[in-house]
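Starting from these lines, generate the structure:
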Amino acid sequence: MTGSFTNYLEEKLLKDLFGILAFSPPSTFYIGVCTGGVAEDGTITGEPSGNGYARVSVGNGDSNWDYSQVAGVTKIENHSAIAFAEATGSWGTITDVFIADASSGGNVLAFATLASSKAIGSGDTLQFDAGDLEFTLD
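Here you go, the predicted structure:
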C-alpha cells in the first residue's frame, strides 16, 4: 500500500519550499481508517464512530518513522506497529487509512487505500505492522 498527500499538505509544502509561508509539521500524527475512501481534498467518507474506535496518535520523528531512498523513490514508513483499540462493535469494512493532524476533525495530510479491505467487528483489533504505512515521493 502506497499513499498520497492531500491537496492541503501539498500546498503547505510548496509554499514552505518557495518561501511564501513557513509550514511547521505537527508534533503528533493521528492515524485513522474509513470505509468509503479519502479524497485529494481531504474529505473522509465513512470514518467509524463509537464501538471503541479512535484515531491512534503517533509522534512525529525518526523514532516512529523510517526514511529510505531506493532507485530514485523516496519513502517514509511507520517504524513500529500501529494498533487500534479493540472494537466493541462493528466498524464496517475498512478500505482506507489516513494521517491527520488532530484526534478528530483537523486536516488530513496523507491517505492510502488498503491492498485488501478488512471487516472489523466486535473483538477485532486492527493493526498496521511496521512498514505497512508507506508514503513516497518520486
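
Run through who's touching stretch 15-31.
For stretch 15-31, contacts defined as CB atoms under 8 Å, 6 or more residues apart in numbering pick out 12-14, 55-60, 82, 97-103, 106, 109, 128, 133. Backbone N, C-alpha and C define where each C-beta goes, glycine included.

Hmm, residue 76 and residue 66 touching each other?
Yes: counting by CB atoms under 8 Å, residue 76 is a contact partner of residue 66 at 7.1 Å.

coming back round to it: any chance of a PyMOL selection covering the buried ones in the contacts of stretch 15-31?
Filtering the contacts of stretch 15-31 down to the buried ones (16 or more other CB atoms under 10 Å) takes a single PyMOL command:
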select buried, resi 12+55+56+58+82+97+98+99+100+101+109+128+133
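
Output the below-cut-off pLDDT ranges for the protein.
1-2, 138 (pLDDT under 70).

Tell me which residues of stretch 59-68 come out buried.
Going by neighbour count (16+ other CB under 10 Å), the buried part of stretch 59-68 is residue 65.

could I get that stretch in CSV with only the CA atoms?
Only the C-alpha atoms of stretch 59-68 are listed here, as CSV (Å, rounded to 0.1, in the frame of the first residue of the first chain):
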residue,chain,number,x,y,z
GLY,A,59,4.7,11.0,17.3
ASN,A,60,6.5,12.8,14.5
GLY,A,61,10.2,11.9,14.3
ASP,A,62,12.7,9.3,13.5
SER,A,63,11.8,7.1,16.4
ASN,A,64,8.4,6.5,14.8
TRP,A,65,9.1,6.9,11.0
ASP,A,66,11.8,5.4,8.8
TYR,A,67,13.2,7.1,5.7
SER,A,68,14.8,5.5,2.7
